[in-house]
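Asks: here is the input, now give the coordinates:
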Amino acid sequence: MASVEIPDVTVIIGAYEAMPYLIPCLESVEAQTLGADRMEIVAVDDGSTDGTGEYLDEFAARSKVRTRVVHQENSGGPSKPRNVGLDMARGRYVFFLDADDYLGTEALERMVAMADRNGTDVVLGKIEGIGRGAPKSMFGRTLERTDVFSSNIKMTLSAEKLFRRALLEKHKLRFDQQLYTGEDARFTLEAYVRSAGVSVIADYVCLYIVRRDDGKHITQSGSYAMRFDSAKALMDLIAELYPPGEKRDELMIRPFVITLLPQFDHRWLKAAAGTRRDKLDLARPLMEKYWTPGVARRLKVPERLRMHYVAEGRADLLENHLTFLQEKKVPEVIRKGAEGKPYLGYPHFGDEAAGVPAEMFAVTVSEWVDGVRVTAPRGAAPQRAVPRPSFARRVVRKLRRMARGALAGRRPARS
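Replies: Just a heads-up that it's a prediction; the model follows:
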């Protein structure tokens, strides 16, 4: 058991206008099986006016968990509160907990045990969304030790993980206070890369992430320009860590798929003309610098085509592609060559006037087309893990195909 002076875990909570979400958040820390004598809380009230600061003071006065509260002027984002908390932390490990989320009862005990057993520096605990989605692809099974290239952990870069504090201090890792969204992605990815190993707990829900009804969470309220800033910050970090090549391309998947692609989805079709142009302008320098054939080969065809059209500044082709997707049309699978190399017949495949290279339509990672898995020829490109649809979803797809077939069979023959 850790001494009073050095707790096992410092839970760092940055809180802004967090009521009433803060109440179950703090209750979940108090309820930890790790024990009050093995942890501490550092809570930073970031200029709240809704009673958040007062509640933190009341909690600190009565809780068995040692709690220190800092009151500061509003900083505009989560970075400064986390940095203040990290500077004050005394634990062997730190866990950054958002004030509107809460922990599973055994979360910290399991995470500390995992890190101590394996000597790993970062521990990811399974996440469940409350009123919102949650990352899943990296939680297929528990991993005692892994890294950023041997698993899909790069696809979850939120800060709500257990970090060995010695790692953060050794590399002087702090959150970028110039970023107001995506600041945790840069921090967490660097921690992954610098670490002596990462562990994944997949058999117990450690963290529940909550959708706020008031829309005050930064990921709900931030402008789209912030998303491009965060994409640039992460891409620049990856370029600092790795020279051009396979490793850089592999990590670049994350900012392209998670940050840039959503800026060019069905909502782009509905946006005003000025917003469309602005997004293409914001993306242009990133595409020029970091969009490479290696990154392109690692994406599914519909993802790759969207990014290709953005890179080329082809708003017309992007609009055609997004309209095809929005109408839920299914591309034809076209096989060419002796090996039957598969291509997907999205708009402008084979259209010489459009000038889109055929390789943009080639299947290079396994993907599902109308319930059928289409796989690239062996050795075509590095494969990215694609989760198989659930049994229920496969049954629904099969029933839909059967229904379409039955309907076709009932149609009268044309004269």
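
Asks: which stretches of the stretch 1-150 of the chain form strands?
Replies: When assigned using DSSP state E, counting those that start in this stretch, the strands of the stretch 1-150 of the chain occupy the ranges 9-15, 39-46, 66-72, 93-96, 102-103, 122-130, 143-146.

Asks: okay, now the sheet partners of the shortest one, with direction.
Replies: Okay, so that is strand 102-103. strand 198-210 (antiparallel) (DSSP bridges).

Asks: pLDDT of the partner strand, averaged?
Replies: Regarding strand 198-210, the rounded mean pLDDT is 98.

Asks: what angle separates that strand from strand 122-130?
Replies: Between strand 198-210 and strand 122-130, the angle formed by their directions is 30 degrees, by axes from the mean of the first three to the mean of the last three C-alpha atoms, to 10 degrees.

Asks: what about strand 198-210, distance to the chain center?
Replies: Taking the mean of its C-alpha atoms, strand 198-210 sits 14 Å from the chain's own mean (C-alpha atoms, centre = their mean, to the nearest Å).

Asks: buried sites along it?
Replies: 198, 199, 200, 201, 202, 205, 206, 207, 208, 209, 210 (16 or more other C-beta atoms under 10 Å). For every residue, glycine as well, the C-beta is placed using N, CA and C.

Asks: ditto for stretch 43-61
Replies: Within stretch 43-61, the residues that qualify as buried are 43-48, 50, 52-53, 55-56, 59-60, counting by 16+ other C-beta under 10 Å.

Asks: can you give me the end-to-end span of it?
Replies: The first residue of stretch 43-61 is 13 Å away from its last residue (C-alpha to C-alpha, to the nearest Å).

Asks: what average pLDDT does it get?
Replies: Within the predicted structure, the mean pLDDT of stretch 43-61 is 98.

Asks: list of residues touching that stretch?
Replies: With C-beta atoms under 8 Å, 6 or more residues apart in numbering as the contact definition, stretch 43-61 has outside contacts at 12-19, 22-23, 26, 41, 67-75, 80-82, 84-85, 99.

Asks: do stretch 279-297 as well
Replies: Outside stretch 279-297, the residues that touch it by C-beta under 8 Å, 6+ apart are 224-225, 228, 231-232, 235, 239, 244-246, 248-249, 252-253, 256, 260, 263-264, 268, 271, 304, 307-308, 310-311, 313, 315, 360, 364-365, 381-382.

Asks: closest to residue 179 out of the buried residues of stretch 43-61?
Replies: Residue 179 lies nearest to residue 46 out of the buried residues of stretch 43-61, by C-beta to C-beta, at 15.2 Å.

Asks: reformat the strands of the stretch 1-150 of the chain as a markdown table; add distance to residue 348.
Replies: Output for those, formatted as a markdown table (distance: least, C-beta to C-beta, whole Å):
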| stretch | distance to residue 348 |
| --- | --- |
| strand 9-15 | 47 |
| strand 39-46 | 48 |
| strand 66-72 | 53 |
| strand 93-96 | 45 |
| strand 102-103 | 48 |
| strand 122-130 | 36 |
| strand 143-146 | 40 |
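
Asks: so which of those strands comes closest to residue 369?
Replies: Among the strands of the stretch 1-150 of the chain, the nearest to residue 369 by C-beta to C-beta is strand 122-130 (27.5 Å).

Asks: which strands or helices does that closest one pack on?
Replies: In terms of contacts (3 or more C-beta pairs under 8 Å, 6 or more residues apart in numbering; DSSP states H and E), strand 122-130 is packed against helix 107-118, strand 162-164, helix 183-194, strand 198-210.
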